[in-house]
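Peer 1: Give me the fold of what follows.
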Amino acid sequence: MQLICPHCQFSKEVPVAKLPAKPTQVSCPQCKGRFALPEHDAESSNRPRINCPVCDFEQLESDACSSCGLIYAKYHSAQHQEVSAGLAENRLSALADRPKAGFWLRLVAIMIDCFLVFLIQVVFGILLAFASSGGINWDSSTSALLQLFSTVVSLFYWIFFTGNCGQTPGKMLLRIQVVRVDGGNLGYGKAFYREVVGKFLSGIIFTIGYLMAAFDDQKQGLHDRMAKTYVIKL
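Peer 2: Numbers count the residues shown, from 1 in each chain. The predicted structure follows:
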């Protein structure tokens, strides 16, 4: 029987009669590396054999490599996780590489969203006025309360939808989405930074921050550049 060292590939022909009946560890006479002696009884010759994916040692099918000690289940689990991570990274990269939504498409989406926010503010504002004074009585306290309520509703609308899935109802209708430049979702923290801080700065400079999306090669407004986001077409 020919024995081959898995470490240095040194080979030697050894009579089967001189081999021990049970599997054991042997030392290579050339490199002194230890490895498992292959099983050689008649019964084992009919059993399936496998090669270790790390050291390429061939042995009967088992849970671990007799030469390097590799546990096959852990190895294949790690390989699966690496493949899954690679697929997820490729998916995000492909998402970020999709065509970007232009200025006019984004403007229409904003107009739809502003109209929806206005309807919500009107409906709930009337209900709040009735609940606070028993009728529509626009005194100073009610006006201040309505103004605060309108601001909260508006902020919640933009931050919640953008942070949750990158799509407000207006963007859903037009099939566009806000994503990070790496393709991932924003999350509520980055959505707050983009929708509140970024858009405030885009608006106070004579809306130039918004108009940047019409001329930028990646269709990014100032708030997109600040938050490192794209608006993509789905």
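Peer 1: would you list every one of the helices in this protein?
Peer 2: 72-96, 103-133, 140-165, 169-174, 187-192, 199-204, 208-215, 222-227 (DSSP state H).
Peer 1: and residue 106, how many neighbours does it have?
Peer 2: Residue 106 is flanked by 23 other residues according to other C-beta atoms under 10 Å. Placement of C-beta: from N, CA and C, glycine included.
Peer 1: And it, how close does it get to residue 49?
Peer 2: To residue 49, residue 106 is 62 Å away according to C-beta to C-beta, to the nearest Å.
Peer 1: One more: residue 206?
Peer 2: From residue 206 over to residue 49 the distance is 76 Å, taken as C-beta to C-beta.
Peer 1: Between the two, which has more neighbouring residues?
Peer 2: Under the neighbour definition other C-beta under 10 Å, residue 206 and residue 49 were set side by side, and residue 49 has more, 13 against 9.
Peer 1: If I follow the layout properly, the more buried one ends up in contact with residue 57?
Peer 2: No. Taking contacts as C-beta atoms under 8 Å, residue 49 lies outside contact range of residue 57: 10.5 Å.
Peer 1: Am I right that residue 232 is in contact with residue 102?
Peer 2: No. Here residue 232 does not reach residue 102: they are 11.2 Å apart, not a contact under C-beta under 8 Å.
Peer 1: Of these two, give the one with the bigger neighbour count.
Peer 2: Relative neighbour count places residue 232 above the other of residue 232 and residue 102, with 20 against 14, counting by other C-beta under 10 Å.
Peer 1: Report how many residues lie close to residue 214.
Peer 2: As a burial measure, residue 214 scores 13 neighbours (other C-beta under 10 Å).
Peer 1: Next one: it relative to residue 104, how far apart?
Peer 2: Look at residue 214 and residue 104: by C-beta to C-beta, they are 8 Å apart.
Peer 1: Quickly list what's touching both of the two.
Peer 2: The overlap between the contact sets of residue 214 and residue 104 (C-beta atoms under 8 Å, 6 or more residues apart in numbering) is empty.
Peer 1: can you list the domain ranges for the protein.
Peer 2: Domain ranges of the chain: 1-88, 98-233, per automatic domain parsing.
Peer 1: Out of those domains, which one sits most buried?
Peer 2: Among the domains of the chain, domain 98-233 has the highest mean neighbour count (mean count of other C-beta atoms under 10 Å), at a mean of 16.
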